[in-house]
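Asker: Output the structure for:
(6 chains)
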There are 4 protein chains.
Amino acid sequence: MEEKVAKREREGAILRAAKKIFAEQGYHEASIDDIIKEADIARGTFYLYYSGKRTIFAAILNLTLEEVNRNIAAISLDSGAPSPVDQVKANVRRVFNLLIADRHIADILFVRALGIDAEAMETLNAFYKKTADLLARALTQGMTIGLLNKCDPQIAAYSIIGSVKEVFLQVILAGEPSPQKIDAVIDEIIRVNLYGFYTRGGLI
Amino acid sequence: MEEKVAKREREGAILRAAKKIFAEQGYHEASIDDIIKEADIARGTFYLYYSGKRTIFAAILNLTLEEVNRNIAAISLDSGAPSPVDQVKANVRRVFNLLIADRHIADILFVRALGIDAEAMETLNAFYKKTADLLARALTQGMTIGLLNKCDPQIAAYSIIGSVKEVFLQVILAGEPSPQKIDAVIDEIIRVNLYGFYTRGGLI
Amino acid sequence: MEEKVAKREREGAILRAAKKIFAEQGYHEASIDDIIKEADIARGTFYLYYSGKRTIFAAILNLTLEEVNRNIAAISLDSGAPSPVDQVKANVRRVFNLLIADRHIADILFVRALGIDAEAMETLNAFYKKTADLLARALTQGMTIGLLNKCDPQIAAYSIIGSVKEVFLQVILAGEPSPQKIDAVIDEIIRVNLYGFYTRGGLI
Amino acid sequence: MEEKVAKREREGAILRAAKKIFAEQGYHEASIDDIIKEADIARGTFYLYYSGKRTIFAAILNLTLEEVNRNIAAISLDSGAPSPVDQVKANVRRVFNLLIADRHIADILFVRALGIDAEAMETLNAFYKKTADLLARALTQGMTIGLLNKCDPQIAAYSIIGSVKEVFLQVILAGEPSPQKIDAVIDEIIRVNLYGFYTRGGLI
DNA sequence: TATGAATGAGAATTCATTCAT
DNA sequence: TATGAATGAATTCTCATTCAT
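Answerer: This next block holds a predicted model:
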């Protein structure tokens, strides 16, 4: 039993080391050498726990996406629940704070996982699709109860995701933001998406 | 004179071959070997025109961004000009059609150029920043004349860019869309961004 | 402990293989391929021990010069020591025998190390300068005690070195000499340098 | 006829350019590119006059050796001739001045021609052998008439050549010497070789 | 389990030489 | 004769992975 624990710990240690290295250097620049040095293990030991470079990166990517996932809650329309907008805001804030707290996650999701190969692309797209589906369902509900304007929920969902991703990325690239800044940014994204740019009574 | 033309043609042919290869395989997967086979030239000939893999990719990225750039016009508020919204729509439609027409451009911009190295990242970010600045200026003008709601123009600009990028990407990944589909998608993005999701008279 | 020994052995084996190859083919003609075939190791193994072609050649050159160096003793004027002439003879004989015993050393020093690059040139010149300085000091002492004629010790030292080098080279190029032949040659060089060509009572 | 002259001129110009490049960079470092740029001709033109890199280097080496050769006169024992020692001195002085005047010659003979390949080695050795034979003959004559001590003329000849070569090389490496310096060095080499190091009446 | 020496396929790049114009 | 674009064999070096201890 203890051995199992020890084993799992080592596995985790290697994973953390790899995550750090991949986040700092990117997939192709990072070498197994960098990872084993960071994890302070021997070359062969690495292959005892992970079958290769591609494999450990996939594990990291999946774990990272799961962590993000755990911070996204479906919108509840229960009478006791907070307003949908507040629920969306809370989701966005949790994910943003996660990315800020662990810069490696942001690096891997927004920079390092891109352009590696078809499989990584697939994993990422599947995640975004799942998130988009969640959002699209919420949008559809909103439309049904007349809270939201009519729109194509799929397109709208991806539009929102893109909007949030790009702003997050820019804020993160700009450096560590203060909690106030984060709140302000989130409010702004939400407002822009909810109300759009046109003044009410706009003509179009 | 003719020689110069022939030389430039060959340079172009190599560039096109490389563009295709990079789009299909990504930067790291692609080898000089793949490129020269596609271009049907000898190994040494490649180095006669480009000093290396990184160099030709940079050339492709820059040319691609320039081509996108040429399809984005600043919004004019002249009395004779189309409505700002129509101008924005026209911009989006031109870029979208460009990406559809040359699938390689889309692949390189949205997938292959990402995560290569700091320099490519820099180039891309500079492009998006320039585009965002253009947008932010237009948004500020719109706010000044009371056409648009008050917002943080920087954040709003990146929000729009992210929204458009993500939707484009998904549409392109889904396969070749019909012109009608394209128009519908563009209308949808524009509408969502202009009016937001909330029904007028929304409470929030 | 044993591993260290094994590792050092392999390092030595690679060095010997490279020495042979360089001696036979010269620096530029030799390829890493030739060396690894001779050493019967894989390509990567070579780079595990030496960082490149230039590096291993430098190692060989330095080791070779050190070996020659170890066979050259400073001339002692102690009362119990052999006559200076005998000491010089002993030095020359040791170095000559070293070159005869390991033909590769002679090839590398007299042929292969020449004209490679500025660094190799520098290394060789430094060695000859050191040897010349040793000789010049001995010559100066000889002049001081009236044993030797007055001369410019620097020029005389290089003259002796050149004389010995050239005769060694020719003897080695001519094929393996017998011990008698070696002794005769050494006697001849020493005599020529000590007494010169002119008959005593020469006029000049 | 004129064409032939023009052709020969161009051939000479290419040769001079190559000589400069080889002297400055060495055989392997020098590229055909360097040579044609120095000669200001096109790539193909080079091959019109010389069949390759190796060929033009051989031509340069041979011409250089011929030039040195022209400055070495056989020792005459005619009654009207200067003393043999003066004739030897004159030979040495002419060659030395040639090397000083055209630094490229010295570089090629003493540094750049070494270690290239068996053929260049052969050419050089043939030259030194010829010179040694000349010297050996003179030494034999000197011994016959009782002017010189008994010695092995072959060994003695190479000893002298080595002595002169090494001192020349060191003087040239040290930088441009004044005519006085040159004379002093030549006197010193001659004296050392003629009289040796031992004081007369030395015991050995 | 742990180690780390060994492996070798693969990649980028160079440059002497050729040849069509 | 002159040109210079094109060629491709050859070479060095890297690094993910294996395997004997």
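Asker: and the residue of chain A nearest DNA strand E?
Answerer: A:Gly44 (1.7 Å; CB to the nearest atom of the strand). For every residue, glycine as well, the C-beta is placed using N, CA and C.
Asker: Helices of chain A, residue ranges please.
Answerer: Counting by DSSP state H, the segments of chain A that form helices are A:2-25, A:32-39, A:43-49, A:53-70, A:84-101, A:103-107, A:118-144, A:153-173, A:179-195.
Asker: residues near A:Pro82, how many?
Answerer: 13 (other CB atoms under 10 Å in any protein chain shown).
Asker: quick one: pLDDT of the residue nearest to it when sequence neighbours are not counted?
Answerer: Spatial nearest neighbour of A:Pro82, excluding adjacent residues (CB to CB, 6 or more residues apart in numbering or on different chains): A:Ala90 at 7.4 Å. In this prediction, A:Ala90 carries a pLDDT score of 93.
Asker: any idea how far A:Ala90 is from A:Arg70?
Answerer: Distance from A:Ala90 to A:Arg70, counting by CB to CB, to the nearest Å: 13 Å.
Asker: Between those two, which is the more surrounded one?
Answerer: Neighbour tally, A:Ala90 and A:Arg70, criterion other CB under 10 Å: the higher count belongs to A:Ala90, 16 against 11.
Asker: Surely A:Asp133 and A:Pro153 touch.
Answerer: No: between A:Asp133 and A:Pro153 there is no contact under CB atoms under 8 Å: 9.2 Å.
Asker: Compare the two (neighbour count), which wins?
Answerer: Per other CB under 10 Å, whichever of A:Asp133 and A:Pro153 has more neighbours is A:Pro153, with 20 against 13.
Asker: Run through the residues of chain A sitting next to DNA strand E.
Answerer: Contact residues (CB under 7 Å from any atom of the strand) of chain A with DNA strand E: A:Glu3, A:Lys7, A:Arg10, A:Ile41, A:Ala42, A:Arg43, A:Gly44, A:Thr45, A:Tyr47, A:Leu48, A:Tyr49.
Asker: now, which of these lie close to DNA strand F?
Answerer: Within the residues of chain A next to DNA strand E, those near DNA strand F by CB under 7 Å from any atom of the strand are A:Arg43, A:Gly44, A:Tyr47.
Asker: Include neighbour count and pLDDT when you put those residues into TSV, please.
Answerer: Listed next are those as TSV, based on neighbours: other CB atoms under 10 Å in any protein chain shown; pLDDT from 0 to 100:
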residue	neighbour count	pLDDT
A:Arg43	10	97
A:Gly44	8	97
A:Tyr47	13	97
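Asker: tell me the mean pLDDT over stretch A:124-139?
Answerer: Rounded mean pLDDT across stretch A:124-139 is 94.
Asker: wait, stretch A:147-164
Answerer: Rounded mean pLDDT across stretch A:147-164 is 94.
Asker: The spatially most central residue of chain A: what's it in contact with?
Answerer: For chain A, the residue nearest the mean C-alpha position is A:Val68 (4.8 Å; CA atoms, centre = their mean). Counting by CB atoms under 8 Å, 6 or more residues apart in numbering or on different chains, A:Val68 makes contact with A:Val95, A:Leu98, A:Ile105, A:Leu109, A:Phe127.
Asker: so how far is chain B from it?
Answerer: 16 Å (CB to the nearest CB, to the nearest Å).
Asker: A:Lys150 now?
Answerer: 9 Å.
Asker: dump the residue contacts of that residue.
Answerer: A:Met143.
Asker: Need phi/psi at it.
Answerer: phi -70, psi 140 (degrees, to the nearest 10).
Asker: export the helices of chain A to a markdown table and tack on distance to D:Asp33?
Answerer: Shown next, in a markdown table, are the helices of chain A (distance: least, CB to CB, whole Å):
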| stretch | distance to D:Asp33 |
| --- | --- |
| helix A:2-25 | 37 |
| helix A:32-39 | 38 |
| helix A:43-49 | 43 |
| helix A:53-70 | 40 |
| helix A:84-101 | 52 |
| helix A:103-107 | 44 |
| helix A:118-144 | 43 |
| helix A:153-173 | 44 |
| helix A:179-195 | 57 |
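Asker: My read is that A:Arg112 contacts B:Leu114, right?
Answerer: No: taking CB under 8 Å as the definition, A:Arg112 is not a contact partner of B:Leu114, at 9.1 Å.
Asker: of those two, who's got more company?
Answerer: A:Arg112 (27 against 20).
Asker: now the more buried one: how far from B:Phe110?
Answerer: 16 Å.
Asker: what do you get for A:Leu173?
Answerer: In terms of CB to CB, A:Leu173 sits 18 Å off from B:Phe110.
Asker: circling back to that earlier point, so which of the helices of chain A is the most packed in?
Answerer: helix A:153-173 (a mean of 23; mean count of other CB atoms under 10 Å in any protein chain shown).
Asker: Distance from it to the middle of the chain?
Answerer: Put simply, helix A:153-173 sits 11 Å off its chain's centre (CA atoms, centre = their mean, to the nearest Å).
Asker: can you tell if stretch A:45-56 touches chain B?
Answerer: No: using CB under 8 Å from any CB of the partner chain, stretch A:45-56 never reaches chain B; the gap is at least 12.3 Å.
Asker: what's the offset of that stretch from the middle of its chain?
Answerer: For stretch A:45-56, the distance to the chain centre is 24 Å (CA atoms, centre = their mean).
Asker: Check what contacts that stretch and list those residues.
Answerer: Applying CB under 8 Å, 6+ apart, the set of residues contacting stretch A:45-56 is A:10-11, A:14-15, A:18, A:27, A:30, A:32, A:35-36, A:39, A:59, A:117, A:119.
Asker: what do you get if the cut-off is 6 Å, keeping everything else the same?
Answerer: For stretch A:45-56, contacts defined as CB atoms under 6 Å, 6 or more residues apart in numbering or on different chains pick out A:Glu11, A:Ile14, A:Ala18, A:Ile36.
Asker: With respect to chain D, which of the ones next to DNA strand F among the residues of chain A next to DNA strand E is nearest?
Answerer: A:Arg43 (37.6 Å; CB to the nearest CB).
Asker: any idea of the pLDDT on the closest residue to the closest one other than its chain neighbours?
Answerer: Leaving out its chain neighbours, the residue that sits closest to A:Arg43 by CB to CB, 6+ apart is A:Ile36, at 5.8 Å. What the model reports as pLDDT for A:Ile36 is 98.
Asker: now the one 4 residues further on
Answerer: The predicted local confidence for A:Asp40 comes out at a pLDDT of 97.
Asker: Please report the distance of it from DNA strand F.
Answerer: 16 Å (CB to the nearest atom of the strand, to the nearest Å).
Asker: A:Arg191 now?
Answerer: From A:Arg191 to DNA strand F the distance is 45 Å (CB to the nearest atom of the strand).
Asker: so who does that residue touch?
Answerer: Contacts of A:Arg191 by CB under 6 Å, 6+ apart: none found.
Asker: rerun that using 8 Å as the cut-off
Answerer: B:Cys151.
Asker: got it, and the one 4 residues further on?
Answerer: The contact partners of A:Tyr195, by CB under 8 Å, 6+ apart, come to B:Asn149, B:Tyr195, B:Gly196, B:Tyr198, B:Gly202.
Asker: for chain A, what are the low-confidence residue spans?
Answerer: A:1-3, A:200-204 (pLDDT under 70).
Asker: Now with 80, please.
Answerer: Low-confidence regions of chain A, defined by pLDDT under 80, span residues A:1-6, A:198-204.
Asker: Many thanks, have a good one.
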